[in-house]
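# The following comprises the amino acid sequence and a computationally predicted model.
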Amino acid sequence: MRVRGLSRWRLSIAALACYKPGHPSRLIYRPRRDDGRRDGRKSFAWTDYPGLLITAHTQLGALIALIWDCEND
């Protein structure tokens, strides 16, 4: 998604689209803002995703079937 604006901050978002039959769909996401430092990370690392999955599992109160789309890898 492209967002236009005059800012030096970058924002990365990891999200899960959650579907359960008979229930409304949910979007659970975690943003990560680039802090502008040279040594700071600008995107998510593989170590950031377990926290997102744990949050989703806690909020949904159910098991999760994860489908990973690695189009760029």
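Alright, I've got the coordinates.
# And the helices in this structure?
Remark: helices assigned in the chain by DSSP state H are 49-60.
# pLDDT below threshold where in it?
Where the chain drops to pLDDT under 70, the residues are 1-9, 35-42, 70-73.
# All the strands of it, residue numbers only.
In the chain, strands defined by DSSP state E lie at 11-18, 26-33, listed in chain order.
# Relative to Trp46, which of those strands is closest?
Taking Cβ to Cβ, strand 11-18 is the member of the strands of the chain nearest to Trp46, at 10.9 Å. In short, each C-beta sits where N, CA and C put it, glycine included.
# and that closest one, what does it pack onto?
strand 26-33, helix 49-60 (3 or more Cβ pairs under 8 Å, 6 or more residues apart in numbering; DSSP states H and E).
# re the thing from before, make a markdown table from the strands of the chain and add mean neighbour count and distance to Ala62 to it.
Listed next are those as a markdown table, based on neighbours: other Cβ atoms under 10 Å; distance: least, Cβ to Cβ, whole Å:
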| stretch | mean neighbour count | distance to Ala62 |
| --- | --- | --- |
| strand 11-18 | 14 | 9 |
| strand 26-33 | 13 | 11 |
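# okay, these in a markdown table with distance to Gly51 next?
Listed next are those as a markdown table, based on distance: least, Cβ to Cβ, whole Å:
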| stretch | distance to Gly51 |
| --- | --- |
| strand 11-18 | 10 |
| strand 26-33 | 7 |
